[in-house]
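Peer 1: requesting a structural model of the entry that follows:
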Amino acid sequence: MLEELNAETKDHMEKSIEALKRDYKTLRTGKVTTSVLDGVKVDYYGTPTDLNQVGSVLAADATTIVVNPWEKNLLGDIEKAIQNANIGVNPNNDGEVIKLFFPPMTVDQRKESAKGAKVMTDNAKVAIRNIRKTANDKIKALHKDKEITDDESKKAQDEIQKITDGFVAKADDTLKAKEQEILTV
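Peer 2: Numbers count the residues shown, from 1 in each chain. Predicted coordinates for the structure are as follows:
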């Protein structure tokens, strides 16, 4: 029973770390990635559709993204969707493809991006601590219902704390790696 609770807690905390890594992909680093366009929806015959479902999205080089629609009549809609997404660059429509030219990041932009990563990490740590609280509440309920002893309750809560400490450290490690990536010119 307590082993299941520990496994469930680890699983939930692991998902928090995975969500943090997904969030990091939305941050701009020195090299532009196509993930900056994740979440951009194009009006595809009246249906909001992900940009990568109506054309190919490729990073041509470190500062350029090329969007090549499968249907040329969608160029205007894609251009409008990218402008509305407000990702910091204006789309260039040449009649065939849409190119996005990202200027090299300034030191201030890098620092802002690193701050954003820290906020995301802090949110992940809050989520991890909330998972710990839920697990501890379950342990206390088991103790109250006399399903486990005082010693088992204390030991289980200590184990949950060790798991939590491990995942908080993991979140900090991912932040250090991301900050290194962002701040490296």
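Peer 1: next, the distance between the ends of stretch 39-48.
Peer 2: 10 Å (C-alpha to C-alpha, to the nearest Å).
Peer 1: over to stretch 97-109?
Peer 2: Per C-alpha to C-alpha, the first residue of stretch 97-109 is 28 Å away from its last.
Peer 1: tell me which residues are up against it.
Peer 2: Defining contact as C-beta atoms under 8 Å, 6 or more residues apart in numbering, one finds that stretch 97-109 is touched by 28-30, 32, 60, 63-69, 75, 78-79, 82, 87-89, 91-92, 113. In this view, the C-beta of every residue, glycine as well, is placed from N, C-alpha and C.
Peer 1: how far out from the middle of the chain is it?
Peer 2: Offset of stretch 97-109 from its chain centre (C-alpha atoms, centre = their mean, to the nearest Å): 20 Å.
Peer 1: give the buried residues for it.
Peer 2: With burial defined by 16 or more other C-beta atoms under 10 Å, the residues of stretch 97-109 counted as buried are V97, I98, K99, L100, F102, M105.
Peer 1: give the PyMOL command for selecting the buried subset of the contacts of stretch 97-109.
Peer 2: Here is the PyMOL command that selects the buried residues among the contacts of stretch 97-109 (16+ other C-beta under 10 Å):
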select buried, resi 28+29+30+32+63+65+66+67+69+75+78+79+82+87+89+91+113
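Peer 1: about what we covered before: state the pair within the buried residues of stretch 97-109 that is farthest apart.
Peer 2: V97 and M105 (24.0 Å; C-beta to C-beta).
Peer 1: lowest pLDDT pick from the buried residues of stretch 97-109?
Peer 2: Among the buried residues of stretch 97-109, M105 carries the lowest pLDDT, at 82.
Peer 1: measure that residue to W70 for me?
Peer 2: 31 Å (C-beta to C-beta, to the nearest Å).
Peer 1: just to revisit the earlier point, out of the contacts of stretch 97-109, name the ones that lie in helices.
Peer 2: L75, I78, E79, I82, S113 (DSSP state H).
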